[in-house]
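K.L.:
Below: sequence and its predicted model.
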There are 4 protein chains.
Amino acid sequence: MVKYKKSDEKRKQILSAAFRSLSEHGYDSVTLQTIADYAEVSKGVVHYYFASKEAVLVELLEWLTGKISARERAAVAVQHTAEGKLAAYIDSAFAGPAQNRSFYRVYLDFLSRASRSPVYREINQRFYDSCAGISTEVLLLGQQEGVFNKELTPGRAAPVIRAIIDGCLIQWLMAGRDELHADFKDSCYAAVMKVLSV
Amino acid sequence: MVKYKKSDEKRKQILSAAFRSLSEHGYDSVTLQTIADYAEVSKGVVHYYFASKEAVLVELLEWLTGKISARERAAVAVQHTAEGKLAAYIDSAFAGPAQNRSFYRVYLDFLSRASRSPVYREINQRFYDSCAGISTEVLLLGQQEGVFNKELTPGRAAPVIRAIIDGCLIQWLMAGRDELHADFKDSCYAAVMKVLSV
Amino acid sequence: MVKYKKSDEKRKQILSAAFRSLSEHGYDSVTLQTIADYAEVSKGVVHYYFASKEAVLVELLEWLTGKISARERAAVAVQHTAEGKLAAYIDSAFAGPAQNRSFYRVYLDFLSRASRSPVYREINQRFYDSCAGISTEVLLLGQQEGVFNKELTPGRAAPVIRAIIDGCLIQWLMAGRDELHADFKDSCYAAVMKVLSV
Amino acid sequence: MVKYKKSDEKRKQILSAAFRSLSEHGYDSVTLQTIADYAEVSKGVVHYYFASKEAVLVELLEWLTGKISARERAAVAVQHTAEGKLAAYIDSAFAGPAQNRSFYRVYLDFLSRASRSPVYREINQRFYDSCAGISTEVLLLGQQEGVFNKELTPGRAAPVIRAIIDGCLIQWLMAGRDELHADFKDSCYAAVMKVLSV
DNA sequence: GATGAATGAGGTTTCATTCAT
DNA sequence: TATGAATGAAACCTCATTCAT
């Protein structure tokens, strides 16, 4: 028990180090040595816990998207109106300049890989499925409430909602200006509302 | 003059090879040897025309975004209504499964780099500026025509429009299903229309 | 005493594991982890009983050659004619396809090491001395019986006898065909007989 | 032409370096760096000419056995009696202390690998086939001359002849005494003669 | 006694870059 | 201009060995 916990913590420690390392230096510059340095362990430890560098990255994507999914779902769950849930979803996605920057820097790399590798694509798909679940919940509730367009189907609307969120955060990231974060969040919320509204 | 032209062609040949190579194998697997092989030249030639591998990539991003900007502007220019221009813009952006896939595979890599490196960010910014120019043209014309919301400002609307386009194409790419390309284009067009409409 | 016995058994267990591991996977692929796995003990145990990997190998060669020497001497001892002893010796050396294969795979590695390292060479020399003892016994008895050439001296004949045995078993091993084992044994016996006969 | 020759020479240079390196330090201690050092080239060059370390070793075995086969065949070809050819064969095999030591040190390693890997086994088999060709030639001629036993078949006799040669050279190598080289050669010749004689 | 987490030296391999031809 | 042989830094990975528990 204790041992398992300990090793599980070390895995998290390494994943976290890999995340910071990736986010700050980019994929090219990330070596196992860098990750080990960030995790303050020796190089061998990374290989002791992960079969290969690739395995670290795969697990990192799972871990990251899992954490974000959980956070978004939790935020949505405590709201009880369609608009409240939507705002909570987008607030949760726009977690803050530092968080969004570090995540999207890494996520763009993963999307690039996912476009070629089934392993990454499947993990991303689980993330998308979670997002689609939230969008569906919001849409159906809004339609019940009469605030959202009844002609919309979850299958069509959900990808567009995530497209707007990711698209806006990429635009914000490329602008390179933290102070615009709130503006982009507002624009994103407004756009999604318009798309869903009657 | 002749020499310059010749060398210019060879540069294009190498850039095109780099693009195909990057798109098919991903950044990790692309070496100067791969690029040279695709370009059917020797490895030394790549270094003769480009100072470094990095220089190839930088110029590739410029070349790619330049070509797309030009194509989009040309498509929009021949239309004379706001909706016609918007449809032309989106049609041009959704050039086709093969083209979108190869481009976005590479572009996601570049966005990731752009989030860290000013060199790439500036090139991407020029691309965004071009996109914003188109959006502005479309929006102002639509406002004149009375079909678009007069409260929208180009500065706020343009990033959202590009966000929706890129966001939708990323969603399509991750879905991994070519046959959904038309659906995503339609969804994209519908979403942009809703965002701009009165 | 009890402790010593117990630890002695564990040593044997590890040596046996090292032998199987070496024989099956070859020297390159044998790690202390592999040996530990075969011995069904933890990696630390191997180091607890042996100072180093090298120490395992050295002791393995001693153990192996010791066992074979003992077996050969025992087989020869129960025979009472020169030809009977010789046949018993060769029968014992050609113990069977599985045994010969696993032993010679490992032994060839050791011979290679012995050609460079005095430690291994000395162990092998003890094995050769044992073989020479058997050959001498056989030769002298055969000369007494009048069936072997009286001009032969043990010093000259013994290495040749072992050369033929090892040489034939190597030829058999390289042929890779178990069903030829009996043929090679016969050829070996015939050759040794011719060499020794009047 | 020139280029090909040049590169072919460099390959030989590397193979020769690998041989000396292997012979002197043993398989474990041989690294690509060692080989590069012996060949007086940079480490990268080895990989430029050979796909992997394994490829160097495979080609080394081919090269070594090919050279020895050629030498033995050439030596036998200039003799015209069975005994002359046999003596030439064995003289050629017992090339000298330095040569035999360096070759058998390496060859024992290769035999060990050949006992597990088909690649090495096939190369060794070609060597054995060449040896068998010589033995067959010698045996048939000797049978014609009436000096060798007419009941012997090449298929049975050839492996035994090579077994005696290899076995004797291994015995000599393990003895570690150069001055015994001639004695072992004599013993070997005598043993083969006895085996073949009427 | 026994374990296995941790270390880090050192191995093979890749590849951007240089440079003689 | 064009080539590709050569370089060597640096990557990933393995594994003997140590040591706290």
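P.N.:
Looks like it came in fine.
K.L.:
Quick one: neighbours of A:Ala175, just the number.
P.N.:
When neighbours are defined as other CB atoms under 10 Å in any protein chain shown, A:Ala175 has 17 of them. For every residue, glycine as well, the C-beta is placed using N, CA and C.
K.L.:
Check the one 4 residues further on too.
P.N.:
By the other CB under 10 Å criterion, the neighbourhood of A:Glu179 contains 8 residues.
K.L.:
now swap in the one 4 residues further on and tell me
P.N.:
Using other CB under 10 Å, A:Asp183 is surrounded by 16 other residues.
K.L.:
Could you check the lowest-mean-pLDDT helix or strand in chain A against chain B for contacts?
P.N.:
Lowest by mean pLDDT, DSSP states H and E among the helices and strands of chain A is helix A:2-29, with a mean of 85. Yes - using CB under 8 Å from any CB of the partner chain, helix A:2-29 comes into contact with chain B via A:His25, A:Gly26, A:Tyr27, A:Asp28.
K.L.:
starting at the chain centroid, how far to that helix?
P.N.:
Remark: helix A:2-29 is offset 17 Å from the chain centroid, using CA atoms, centre = their mean, to the nearest Å.
K.L.:
That one versus helix B:2-29: what angle between them?
P.N.:
180 degrees (axes from the mean of the first three to the mean of the last three CA atoms, to 10 degrees).
K.L.:
Check which helices and strands helix A:2-29 sits against.
P.N.:
helix A:32-39, helix A:43-49, helix A:53-77, helix A:97-114, helix B:2-29, helix B:97-114 (3 or more CB pairs under 8 Å, 6 or more residues apart in numbering or on different chains; DSSP states H and E).
K.L.:
what residues are up against A:Arg156?
P.N.:
Contacts for A:Arg156 (CB atoms under 8 Å, 6 or more residues apart in numbering or on different chains) come out as B:Asp183, B:Ser187.
K.L.:
can you pull the buried residues of the strand or helix carrying it?
P.N.:
Using DSSP states H and E, A:Arg156 maps to helix A:154-175. Buried positions in helix A:154-175, judged by neighbour count with 16 or more other CB atoms under 10 Å in any protein chain shown: A:154, A:157-175.
K.L.:
same question, stretch A:142-151
P.N.:
Residues of stretch A:142-151 classed as buried: A:Gly142, A:Gln143, A:Val147, A:Phe148 (neighbour count, 16+ other CB under 10 Å).
K.L.:
Report the mean confidence score over that stretch.
P.N.:
Average pLDDT, stretch A:142-151: 96.
K.L.:
Restricting to C-alpha, output that stretch in PDB.
P.N.:
The C-alpha trace of stretch A:142-151 is given here as PDB (Å, rounded to 0.1, in the frame of the first residue of the first chain):
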ATOM      1  CA  GLY A 142     -31.100  25.000 -22.500                       C
ATOM      2  CA  GLN A 143     -33.600  23.600 -25.000                       C
ATOM      3  CA  GLN A 144     -35.800  22.500 -22.000                       C
ATOM      4  CA  GLU A 145     -35.500  26.000 -20.600                       C
ATOM      5  CA  GLY A 146     -36.400  27.400 -24.000                       C
ATOM      6  CA  VAL A 147     -33.200  29.500 -24.200                       C
ATOM      7  CA  PHE A 148     -31.500  27.400 -26.800                       C
ATOM      8  CA  ASN A 149     -32.400  26.600 -30.400                       C
ATOM      9  CA  LYS A 150     -34.500  23.400 -30.500                       C
ATOM     10  CA  GLU A 151     -33.300  22.500 -33.900                       C
END
